[in-house]
Structures are given as structure tokens and as C-alpha cells.
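Q: Fold the following, please.
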Amino acid sequence: MSLVDLWVYLSSGPLLWLTTTLIAYALAEAVFIRARRHPLANPVLIAVVLVSLVLLGSGTPFPAYFAGAQFVHFLLGPATVALAVPLVQHLAHVRRLVVPMVVALVVGSLTAIVSAVLLARLFGLDAGTTLALAPKSATTPIAMGVAEVIGADPALAAVLVILTGIVGAMVVTPLMNLLRVKNYAARGFAAGLASHGIGTARAFQVDQLAGTFAGIALGLNGLLTAVLVPLVLPWLPT
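A: Numbering: from 1, shown residues only. Predicted coordinates for the structure are as follows:
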């Protein structure tokens, strides 16, 4: 059997792309640790680049890849539910900060939507891209659903959400240090609100309390974004 025949045989099964995804993330995590967990060495970004290079080099279409990688995708549900564990552990702390969280949530969600749309128009982006940017700080499934409602491309919205998460995870620590924000609850809430799941994962790498508040912001901002985007967009230039 030639290498080409072997590749065709392996690529037809789901385990190849599941294994490829896991290996890519393991390598990315090793680079992240070797870089002393520097924010710029974000393991999600590195893993995405590695998998993309393999797909491009092998000429594999995304549906064929996702047929195997969907097993990892399935685990996102249990991982999201598991965020309730640290929430229960820090419930007393969360209760004390309910009012500041609500204020920060509303202000942050509105800022994320309005700033994205206004900056897109300032830089001359087309209407389709501008609309897809509006729900960028919500999680991917919510952003795609919102994109369908407002007439944007769900696939483009998903790409922008992922880019937002990666960039947010990379800049949140140095930005918070620059702003001298030392409260881990505030740091985590900001990370989860602005950069959803990827930002939440980064927050947990830094501190469990930060991760807890990032998880809260992740869920609440997804819900609020779904409500606010259709209400706010008619008042903005798109």
C-alpha cells in the first residue's frame, strides 16, 4: 500500500482528525508552557494554525475534518455545565457582587456591540461584515443565531467570534496589568464578557476566582447580546 493509499484510508475515518486535533493542542500547550504561559503564545491560536496547515496541506475539506473533530465539539456542552462547580464554591463572593456585575454586564455588552459596529463603519467595512461583528463577544452558537436574525452570515460571525476570543485571551492579562486592575473577580468578568469561552479558559489558567467570574460573564453576556443586538442595530449606522 502506497503512502497516498494509506492516507486516503486513514482520512476516511473519524479517528484521524480527532487525533490530529488532540495532538495539535498538546503541541500548542507544550509551546505555551515553554513560553512560561505568555499570553501571546495562546494555545488555542497555535492549535488552530497547526490544524489549518494540516488541512491545507492535505487538501481536506472542513466537513471531512469536522466528522472526526465533532467528538471534541460535543465535549463543549459538559465543559460549560462544569463551570457551575467553581460558581458554587464561590457563591458567597458572587452574591456580594451582584449589583456591580449587573451594571458591568449592561455597560460592557452595549460597549462591545456599539464599538464593533462604529469601528467597522469607520474603517469602511461593508454592511455584511459590520452586521456579523455586532454579536462578536457572545459565544459562537448564540452569535450565529443572532447573525441569522439580523441578516448576517452565520459562518462569518463564527469566525469573528473565534478571532475575538483569541485576541481577547492574548491581551487581557497585559491590559489588566497596564490598567492596574488587581481584583481577580473584575479581571475575570471582563475577560468572559469580552472574549467568551476562550477568554474564560484563559482566566481559569490565571486564577480560579477569575475563571468563575469569567464563566458568569460568558453566560450572561450571551443572553444579553441576543436581546440587545436586534434592539440596538436600528439606531446605528450599518
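
Q: Quick one: low-confidence residue ranges for the protein.
A: Within the chain, the stretches with pLDDT under 70 are 1-14.

Q: If we use 80, what do you get?
A: For the chain, the stretches with pLDDT under 80 are 1-15, 73-74, 76-77, 80-81, 238.

Q: And it, split by domain according to the record?
A: Split into domains by automatic domain parsing, the chain comes to 3-74, 81-235.

Q: Give me whichever of the ones you listed is most buried.
A: Of the domains of the chain, the one with the most neighbours on average (mean count of other Cβ atoms under 10 Å) is domain 81-235, at a mean of 19. The C-beta positions use only the backbone N, C-alpha and C, and glycine is treated the same way.

Q: so how far is that domain from its chain's centroid?
A: Domain 81-235 sits 8 Å away from the centroid of its parent chain (Cα atoms, centre = their mean, to the nearest Å).

Q: Could you tell me the end-to-end distance of it?
A: 35 Å (Cα to Cα, to the nearest Å).

Q: Would you map the helices across this protein?
A: 3-11, 14-34, 43-58, 62-74, 76-81, 84-89, 91-96, 98-122, 127-133, 140-150, 154-178, 184-206, 208-232 (DSSP state H).

Q: For residue 24, which non-adjacent residue is closest in space?
A: Once flanking residues are discounted, residue 24 sits nearest to residue 50: 4.1 Å by Cβ to Cβ, 6 or more residues apart in numbering.

Q: Can you give me every residue that contacts that neighbour?
A: Contacts for residue 50 were tallied using Cβ atoms under 8 Å, 6 or more residues apart in numbering; they are 24, 27-28.

Q: coming back round to it: so which of the helices of the chain comes closest to residue 238?
A: helix 127-133 (5.0 Å; Cβ to Cβ).

Q: elements contacting that closest one?
A: For helix 127-133, the packing partners by 3 or more Cβ pairs under 8 Å, 6 or more residues apart in numbering; DSSP states H and E come out as helix 98-122, helix 140-150, helix 154-178.

Q: Using JSON lines, lay out those helices together with distance to residue 133.
A: JSON lines is the format used below for the helices and strands packed on helix 127-133 (distance: least, Cβ to Cβ, whole Å):
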{"stretch": "helix 98-122", "distance to residue 133": "4"}
{"stretch": "helix 140-150", "distance to residue 133": "10"}
{"stretch": "helix 154-178", "distance to residue 133": "6"}
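
Q: With respect to residue 59, which of the ones you listed lies nearest?
A: Counting by Cβ to Cβ, and looking across all of the helices and strands packed on helix 127-133, nearest comes helix 154-178 at 20.1 Å.

Q: what does that closest one contact?
A: Outside helix 154-178, the residues touching it (Cβ under 8 Å, 6+ apart) are 39-40, 42, 44-45, 48, 128-129, 132-133, 135-140, 143-148, 187, 190-191, 194-199, 201-203, 206.

Q: With stretch 202-209 instead?
A: Everything outside stretch 202-209 that qualifies as a contact, by Cβ under 8 Å, 6+ apart, is 37, 39, 42, 86, 89-90, 93, 168-169, 172-173, 184-185, 187-188, 191-192, 195, 210-211, 213-214.

Q: try 10 Å this time
A: Among residues not part of stretch 202-209, those counted as contacts by Cβ atoms under 10 Å, 6 or more residues apart in numbering are 32, 37, 39, 42-44, 83, 86, 89-90, 93-94, 165-166, 168-173, 176, 183-185, 187-192, 195, 210-215, 217-218.
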